[in-house]
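**Student:** Next input, structure requested:
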Amino acid sequence: MNSCFFGGGCGSKSILQPVRKVENNLYQQLFCWPVIAITIREKAICSFVAAEAKKDYPSARTQHNTSNLQTQTGSYLLQHKNLMELVENGERSSGPDPFGWWALPEPALLMVFERLSVVDLLKTSLCCRRWHSIAQDDLLWRHKFQEHFKASQSILLRPGAESWRSEYQRLSMHIPFVQAQSLEPTMENNHGHTHQVLHVSFAHNGEMFATCSKDGYVIVWNATHPCTEKYAHNMKQFSWKYSQYSQFNQSDTLLLVSGVHFGSPQSTSGEIAVFYLGATESHLRCRVVNRPYDIFGTWFSDQYLISGDLHWLAHLVSTSVLWLNKANQEIDSEHVPIMSQLYKFYNRNASSVRAVMVARCPWLDESNDPLATVAQQEPHSAAFLPHKSDQGSISQASGNPLPHAASLQRTRSAISEEYYLPDIRERRSSSRRGDSTIHYLQEYREAVASANEPNEYDEERYDSMDVQEEFDEMENSMPRYLIFSTGSKTFTPHQIGFKRIHNVYFPKKLDPGPTLKERIAAKRAAEQHQTPRTDPDWWDYESVKDRFDKVDKVIDLHGHIIGMALSPDHRFLYVNTRPWPKNYVIINPLEPPPIAQEIDIHVIDLMTLKRVGNMLRSHKAYTPSTECFFIFLDVCDEYVASGAEDQHAYLWDRYYGISLAKFKHSDVVNSVAFNPRDSEMLITTSDDYTIKVWRSRAKAKEFNIPNNVSESFELKTKN
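**Tutor:** Modelled structure (predicted):
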């Protein structure tokens, strides 16, 4: 037994100090907590059973029958106190001592360990091997985790995590927290942006990231430490007002850049440029018209991208056409097409398709297609228009808007998730600033647990990043969703639209159409028959719906959508919204509702197309709906991050939903991005012209980066 006696370092003050805390804590706890029995022999045996003690001795502090027990315990502690004085004086017991601290019963030690700070607990665990072993107790660390991070006791350990201790260590040492760099022009170098930085995106291999700014530049950076500028392109040479969005293709050889053209303030004209990214050079590959500019554009496959166009059909009625484009200019033949129409959607009330993205869904097949389930439940609903009483609900209907007179009744499945999810607006008054939590349905945690199990799609997730073979250049073997924001009540985006992408064919040769002779003959024939031309009634959707593609599903979030992001496995969609007032009735589609000064986040499961989480974020957004701009968020396997208008970016743990940290800027934070291969690295961009690189405490120690405590803040207070 004496082999456990502090192992040679027993006289050290750094070890004795926490031991003293244990001693003092034990004096307090043993006389304040119910004790059933303490037997002190060669091995002390202790049993604390609080529930039974309360039952048998409801007033244990005052009852006379506990006095003898306290006397025995006091004698034990007094003898141990004398032993500790010997240790402090550099002396050592000559043999096994039944009253040594190493023999303290495990339940008593655990009781004391629970009341130590984590720092003192870790120091105390160095005293001897037995204490070190007991200090690894998983229930002890679960208590510490829940106490520190304010996590719900009902949430189980994250699937794939080793232990609660490792989770505590991850959220303490391995979250992005330390400002490693602030990329901005200085007197020494001219690297960085000279105007508001609007967006940041990472390459899939984690080796590069790109930033867009109102100075008209798109800059590609090396993601090593320290980050350095690799390429820079001035988009104003193409008559761009500014660059606003970028995205790398799957092989990280091409960069899609979306921007806004010069023009009047009411102009919605934009353009997409594609740049080749080589080891030593970068050059322009092609340019594509994109209107409105907030469609942004996205990669359809490794060598094809999606752009948009908008055509007005009547007052407040338009059509959004999505085009599939080759990522290069065809120079071999004028008969080879470089673009083909993909979809054509109907818009009402001055709304349009915006912020398109493509989700790759390897789990999706005919047996678990949620759209098929919706079609069976509502076989007659080919369109969607929310009823006034359904403001803020999630629609389970499919298709495009119905005429204004039509309405749909909510089904039981439509309200089930509303019923179980905490109401965001009701929690507003009770939420503490900077202490908001993502609330999930149990379905989400079950989905995360099942996704953590090995399956046939694990390898496909990264194999799909390779360039596709020529025979499947459209990647038709991979099930996908087209996702976009849109609207039906007003022109501001308040709905998420989903379109299942089926086999897509890109023509190899242009159809030359009728010859000039055939065109002249057709024109003469039409003149002879005097066929009157009748314009369609564009306001009557039912009469023209055969001219448009059907939106498979629409989810109404009852608020202005300002950002969307997919999880790395494309299973979950995270959406930033600024909510409308509850039960607000829109009379004029050109006058949208006032929007809240808070930003909500919604989580949608793409396997079921249902909402599985929501959260009220207590940081602010101040711009009105007419001036509201995008606040981009990003999601990695472990965390969720987002910008905000209160001059901070925010970080949450994705599984537990707890808020972890906020990162300081001096103006609006527009965008954030995690390194997809290193979740300990986060980039934030702001209207203060800066790009800030944040790394974890562990990485900061590895790279010898000083910890500037004034630039980031923990949102959970330690003990």
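
**Student:** Now the terminal residues of stretch 643-662, how far apart.
**Tutor:** 10 Å (C-alpha to C-alpha, to the nearest Å).

**Student:** where exactly do the helices run in the stretch 401-550 of the chain?
**Tutor:** Counting by DSSP state H, counting those that start in this stretch, the stretch 401-550 of the chain has helices at residues 412-420, 442-452, 458-463, 516-529, 541-544.

**Student:** Just the pLDDT for Pro34.
**Tutor:** Reading off the confidence values, Pro34 has pLDDT 33.

**Student:** on that earlier part again, can you tell me which of the helices of the stretch 401-550 of the chain the model trusts least?
**Tutor:** helix 412-420 (a mean of 42).

**Student:** Could you list everything the spatially closest residue to Ser340 that is not a sequence neighbour pairs with in the sheet?
**Tutor:** The spatially closest residue to Ser340, leaving aside those adjacent along the chain, is Leu324, at 5.0 Å (C-beta to C-beta, 6 or more residues apart in numbering). C-betas here are computed from N, CA, C, even on glycine. For Leu324, the beta-bridge partners under DSSP bridges are Ile306, Ser340.

**Student:** OK, contacts around Leu324?
**Tutor:** Phe300, Tyr304, Leu305, Ile306, Met339, Ser340, Gln341, Leu342, Val504, Phe506 (C-beta atoms under 8 Å, 6 or more residues apart in numbering).

**Student:** can you redo those residues as CSV with distance to Tyr231 and neighbour count?
**Tutor:** Below are those laid out as CSV (distance: C-beta to C-beta, whole Å; neighbours: other C-beta atoms under 10 Å):
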residue, distance to Tyr231, neighbour count
Phe300, 24, 24
Tyr304, 23, 21
Leu305, 19, 26
Ile306, 24, 26
Met339, 26, 17
Ser340, 30, 15
Gln341, 33, 11
Leu342, 30, 22
Val504, 31, 16
Phe506, 29, 17
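
**Student:** How about the contacts made by the residue in the chain sticking out farthest from the centre?
**Tutor:** If you look at how far each residue of the chain sits from its centre, by C-alpha atoms, centre = their mean, the farthest one is Gln528, at 63.3 Å. If you count contacts by C-beta under 8 Å, 6+ apart, Gln528 has none.

**Student:** how close does it sit to Ala521?
**Tutor:** The spacing between Gln528 and Ala521, counted by C-beta to C-beta, to the nearest Å, is 11 Å.

**Student:** again with His233
**Tutor:** Distance from His233 to Ala521, by C-beta to C-beta: 50 Å.

**Student:** who's more crowded, those two?
**Tutor:** His233 (21 against 12; other C-beta atoms under 10 Å).

**Student:** which stretches of the stretch 151-300 of the chain have low pLDDT?
**Tutor:** Applying pLDDT under 70 to the stretch 151-300 of the chain flags the ranges 187-190.

**Student:** Show me this structure divided up by domain.
**Tutor:** Domains of the chain are assigned by automatic domain parsing as 2-136, 140-194+641-719, 233-345.

**Student:** got CSV for the ones you listed, with distance to Phe202 too?
**Tutor:** Formatted as CSV, these follow (distance: least, C-beta to C-beta, whole Å):
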stretch, distance to Phe202
domain 2-136, 33
domain 140-194+641-719, 5
domain 233-345, 7
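
**Student:** So which of those is nearest Ser450?
**Tutor:** Nearest of the domains of the chain to Ser450, taken as C-beta to C-beta: domain 140-194+641-719 at 8.5 Å.

**Student:** if I pick the closest residue to Val178 other than its chain neighbours, what's in contact with it?
**Tutor:** Closest residue to Val178 apart from its sequence neighbours, by C-beta to C-beta, 6+ apart: Ala700 at 4.0 Å. Ala700 makes contact with Phe177, Val178, Ala180, Pro706, Asn707, according to C-beta under 8 Å, 6+ apart.

**Student:** which one of those residues has the most neighbours?
**Tutor:** Result: Phe177 is most packed of the contacts of Ala700 (other C-beta under 10 Å), 26 neighbours.

**Student:** That one is in contact with Arg697, isn't it?
**Tutor:** Yes - between Phe177 and Arg697 there is a contact at 5.9 Å, judged by C-beta atoms under 8 Å.

**Student:** End to end on stretch 167-179, go ahead and measure it.
**Tutor:** This stretch, stretch 167-179, spans 22 Å end to end (C-alpha to C-alpha).

**Student:** Only the buried residues of it, if you could.
**Tutor:** Residues of stretch 167-179 classed as buried by neighbour count (16 or more other C-beta atoms under 10 Å): Glu167, Tyr168, Arg170, Leu171, Ser172, His174, Ile175, Pro176, Phe177, Val178, Gln179.

**Student:** now it: how far from the chain's centre is it?
**Tutor:** Distance of stretch 167-179 from the chain centroid (C-alpha atoms, centre = their mean, to the nearest Å) equals 17 Å.

**Student:** neighbouring contacts of it?
**Tutor:** Contact with stretch 167-179 is made by 118, 141, 144-145, 148-149, 157-158, 161, 638-639, 641, 651, 653, 660-661, 663, 674, 679-682, 692-700, 705, 707-708, 711-712, 714, as judged by C-beta under 8 Å, 6+ apart.

**Student:** What's the PyMOL syntax to select whichever of those are buried?
**Tutor:** Per 16+ other C-beta under 10 Å, the buried members of those correspond to this PyMOL selection:
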select buried, resi 118+141+144+145+148+149+157+158+638+639+641+651+653+660+661+663+674+679+680+681+682+692+693+694+695+696+697+698+699+700+705+712+714
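
**Student:** which element is Gly160 on?
**Tutor:** For Gly160, there is no host helix or strand (DSSP states H and E).

**Student:** What distance do you get for it to Ser567?
**Tutor:** Taking C-beta to C-beta, one finds Gly160 at 15 Å from Ser567.

**Student:** Also Ala327?
**Tutor:** Taken as C-beta to C-beta, the span from Ala327 to Ser567 is 25 Å.

**Student:** Looking at those two, which one has more neighbours?
**Tutor:** Taking other C-beta under 10 Å, Ala327 and Ser567 do not tie; Ala327 has more neighbours (23 against 20).

**Student:** residues touching the more buried one, list them.
**Tutor:** Ala327 touches Asn249, Leu254, Val274, Arg285, Cys286, Gln303, Tyr304, Leu305, counting by C-beta under 8 Å, 6+ apart.
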